[in-house]
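> fold the following and give me the result.
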Amino acid sequence: MAGTAFVDQLKAKFGAKISGSNFENIDPWIEVTPGGLLEVCRYLRDEPTLAFDYLNCISGVDYLHTDAGGETYAFNGTFHNVRENEFAIQTFEFEGYPDVVAVESLAFDDLGDGRSRLRIHSTYPSLEARDGMVASNMEVGVREGYERLEGLLAA
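Model prediction:
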């Protein structure tokens with residue numbers, strides 16, 4: 001089935017849950033909204049005319065953080081493994097310290113009463129890279145971000 005016919009079939013079935021596609025790339029891709037991901041994946045696997053037996057999720061993020069003084073910092077990363085409410089593995093790069101990519105594991109501990117603890121372990125490619133990130137005062141931005149999240153969740 002040609003790429004455009006494939007996307008047309010998915011759009012006919014799922015509408016706006018298919019939010020983008022590009023078959024001109026070396027690696028063609030289709031973008032699915034987060035709310036439609038599981039439904040679309042099951043369809044791709046179970047539809048006899050398609051019978052996908054392998055799907056690849058490329059979940060990348062780029063985000064900005066602006067501190068109290070108005071300074072903006074850029075970050076990017078990719079989630080490689082996510083087990084909801086349990087565990088995730090991601091890569092993380094602070095664009096102010098380019099070409100240094102950390103591999104991070106995130107574990108969620110259930111504390112009861114709807115509360116949890118997030119434990120993050122970051123591994124850097126060298127001691128110098130780790131020390132450079134620590135010297136950048138990154139813990140201030142991390143703390144500010146989680147304080148904002150806590151405020152949103154409490155509201």
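
> where in this protein is pLDDT low?
1-2, 25-27, 53-61 (pLDDT under 70).

> what residues does the longest helix anywhere in it touch?
Secondary structure of the chain per DSSP state H: the longest helix is helix 138-154. Contact partners of helix 138-154, identified using CB atoms under 8 Å, 6 or more residues apart in numbering, comprise 65, 67-68, 73, 94, 118. No exception for glycine: its C-beta is placed from N, CA and C like everyone else's.

> who wins on neighbours among those?
Counting neighbours by other CB atoms under 10 Å, the top entry in those is residue 94, with 20 neighbours.

> tell me the two of the contacts of helix 138-154 that are most distant?
Greatest spacing in the contacts of helix 138-154, by CB to CB: 68 and 118 (22.7 Å).

> circling back: tell me which of the contacts of helix 138-154 fall in strands.
Of the contacts of helix 138-154, the ones assigned to strands by DSSP state E are 65, 73, 94, 118.

> just put those residues in CSV and tack on distance to residue 145.
Shown next, in CSV, are these (distance: CB to CB, whole Å):
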residue, distance to residue 145
65, 6
73, 11
94, 13
118, 11
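
> export the longest helix of the chain to PDB, keeping only CA atoms.
The C-alpha coordinates for helix 138-154 follow below in PDB (Å, rounded to 0.1, in the frame of the first residue of the first chain):
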ATOM      1  CA  MET A 138      20.900  23.100  37.100                       C
ATOM      2  CA  GLU A 139      19.500  22.000  40.400                       C
ATOM      3  CA  VAL A 140      17.900  25.400  40.800                       C
ATOM      4  CA  GLY A 141      16.000  25.000  37.500                       C
ATOM      5  CA  VAL A 142      15.000  21.400  38.400                       C
ATOM      6  CA  ARG A 143      13.800  22.600  41.800                       C
ATOM      7  CA  GLU A 144      11.800  25.500  40.300                       C
ATOM      8  CA  GLY A 145      10.200  23.200  37.800                       C
ATOM      9  CA  TYR A 146       9.000  20.700  40.400                       C
ATOM     10  CA  GLU A 147       7.800  23.500  42.600                       C
ATOM     11  CA  ARG A 148       5.700  24.800  39.700                       C
ATOM     12  CA  LEU A 149       4.400  21.200  39.100                       C
ATOM     13  CA  GLU A 150       3.500  20.800  42.800                       C
ATOM     14  CA  GLY A 151       1.600  24.100  42.700                       C
ATOM     15  CA  LEU A 152      -0.400  23.000  39.600                       C
ATOM     16  CA  LEU A 153      -1.200  19.600  41.100                       C
ATOM     17  CA  ALA A 154      -2.400  21.200  44.400                       C
END
